[in-house]
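Engineer: quick one, what's the 3D model for this:
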Amino acid sequence: MFRPEGSSVSLLATRCPIRASPIGISLVQLERLDSQSGRMTVRGVDLADGTPVLDVKPYVPAFDRPPAGLPMTAGWYDEDRLEAPLPIDAARAEALDAAFGWLEEERPFVVVQLLDTPNVGAAPGGEFCSATGNRLAGDLLRGALDQELPQFVARAIGSETSVVGEVRADVQLAARRGIGLGEHQRVVAHPGSVIPSQWWRALKEGAPVALAVALDVRPESTVVLDEEVVGPLANVPHVVAEARRLLHARVDGRSLVAVDNRQVVLESFLPSPRLLLAGWPGLARVIAEFARGVGWRTVVATEADEALPVVKSLTTRDAVVVLGHGRTLDEPVLQAALRAGGPGYVAAIGSKTVAANRRTRLARLGVDPGQLGRLKSPAGLPLGGKTAAEIALSIVAELQSSRYVSA
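Structural biologist: Numbers count the residues shown, from 1 in each chain. Below is the predicted model of the structure:
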């Protein structure tokens, strides 16, 4: 091919879509570049293992991004993105799939967890990796430990005891992902084969579960479920009590307790909370965008018939926001949501007058004062905003506040 100034260039050195062979092109995120070894680490590659990479090109905004002012849409992806798994759910699924395969193969592997609660911006618990000598499955601190974690795993594989160590974090990568980390993070690895099957099954089914592991001795893993405790620490009251405390919170948690001069790391793994947005779909999608960013799985329903089955399946970790004033929607949905044991956060938009009239109607329908006291209406913190984005911000801020204050 010829450039405008007359020089020639190989076809494969261009971005021309007309090629002699079907060669794909993928946009990936550059994680790090080692100029000495010539190695690149990228994220988001959509290639099957073993696919040859023929060329690497830089991201050039003039070619790879539409000109400023043009609308950027992704068709079906825009419509389905809110239904995609949350990052923590996707990471857990990856770790579980790998662990089940290694258990079936009777292949040695370890489960790696953070030992301390990290700095501002990191998850307070609920993260883990499954790992062998040559593969990490899952995620810790959004990948900020991936560079040195394999060396730690290599030391831990085959050990009969839990292995504790420090791993250097990529603080720049963490910062780009909204996590403020110190340079070193303490982690613990323990053999996956000694963890009771109830833990794996609960994670697979999305049930709340806590794991207690004694450190510096032959691993003693104990699993705490809502109605069952399995493992050698089941008869240690303060371990079980602390595990229950973590288990009954609305957010994942982690703590250390002492048992006979040994440390026990406790961590809860809770299903991602669900948020039902019932009513106006336009505003619902704006709120869903905000809520997904802070870890809520969202469901949008425009009619009571769609919303009610969802409401009845929600637990105290979940939430409902009604976005409308019509009695055929707000009355049945709020009645169902305010039941005992229902979603922990229930709100409805509307002015103070609308909210007062709604409370009067719900009381006439038999909703008792205690249940009505749980209703947040008007929904959201009083930030004074009027736009859809400002309303979404105020609602999600109140939603998060109720989640953490009660945790």
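Engineer: give me the three-state assignment for the residue most central in space within the chain.
Structural biologist: By CA atoms, centre = their mean, the chain has its centre lying nearest to I88, at 2.8 Å. With DSSP: H, G, I helix; E, B strand; the rest coil as the basis, I88 sits in helix.
Engineer: that one against F128, yeah?
Structural biologist: No. Contact criterion CB atoms under 8 Å: I88 and F128 do not qualify, at 10.5 Å. All C-beta spots, glycine's among them, are computed from the backbone N, C-alpha and C.
Engineer: if we can go back for a sec, from E227, how far off is the residue nearest to the centre of the chain?
Structural biologist: 25 Å (CB to CB, to the nearest Å).
Engineer: do T328 as well
Structural biologist: Going from T328 to E227 by CB to CB gives 38 Å.
Engineer: what's the weakest-modelled helix or strand in this structure?
Structural biologist: The helix or strand of the chain with the lowest confidence, counting by mean pLDDT, DSSP states H and E, is helix 76-80 at a mean of 56.
Engineer: sorry, back to before: just want to know which of T328 and E227 has more residues nearby.
Structural biologist: Using other CB atoms under 10 Å, the more surrounded residue of T328 and E227 is T328, with 11 against 4.
Engineer: so the more buried one: helix, strand or coil?
Structural biologist: With three-state DSSP as the basis, T328 sits in helix.
Engineer: list the contacts of it.
Structural biologist: By CB atoms under 8 Å, 6 or more residues apart in numbering, the residues touching T328 are A304.
Engineer: bridge partners for the closest residue to A234 other than its chain neighbours, pull those for me.
Structural biologist: Distances taken as CB to CB, 6 or more residues apart in numbering place T222 nearest to A234, at 5.8 Å, with adjacent residues excluded. Note on T222: beta-bridge partners by DSSP bridges are A212.
Engineer: distance of E148 from R245?
Structural biologist: Distance of E148 to R245, given as CB to CB: 33 Å.
Engineer: on that earlier part again, give me the neighbour count for the residue nearest to A234.
Structural biologist: 26.
Engineer: pLDDT weak spots in the stretch 51-200 of the chain?
Structural biologist: The stretch 51-200 of the chain contains residues with pLDDT under 70 at 61-81, 117-123.
Engineer: mind listing the strands for it?
Structural biologist: Ranges of strands in the stretch 51-200 of the chain, per DSSP state E, counting those that start in this stretch, are 110-114, 128-131, 136-139, 163-168, 184-191.
Engineer: go on, the stretch 301-407 of the chain?
Structural biologist: 319-323, 345-348, 375-376.
Engineer: just send these back as JSON lines, with mean pLDDT and distance to V251 too.
Structural biologist: Formatted as JSON lines, those follow (pLDDT from 0 to 100; distance: least, CB to CB, whole Å):
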{"stretch": "strand 319-323", "mean pLDDT": "96", "distance to V251": "13"}
{"stretch": "strand 345-348", "mean pLDDT": "96", "distance to V251": "13"}
{"stretch": "strand 375-376", "mean pLDDT": "94", "distance to V251": "19"}
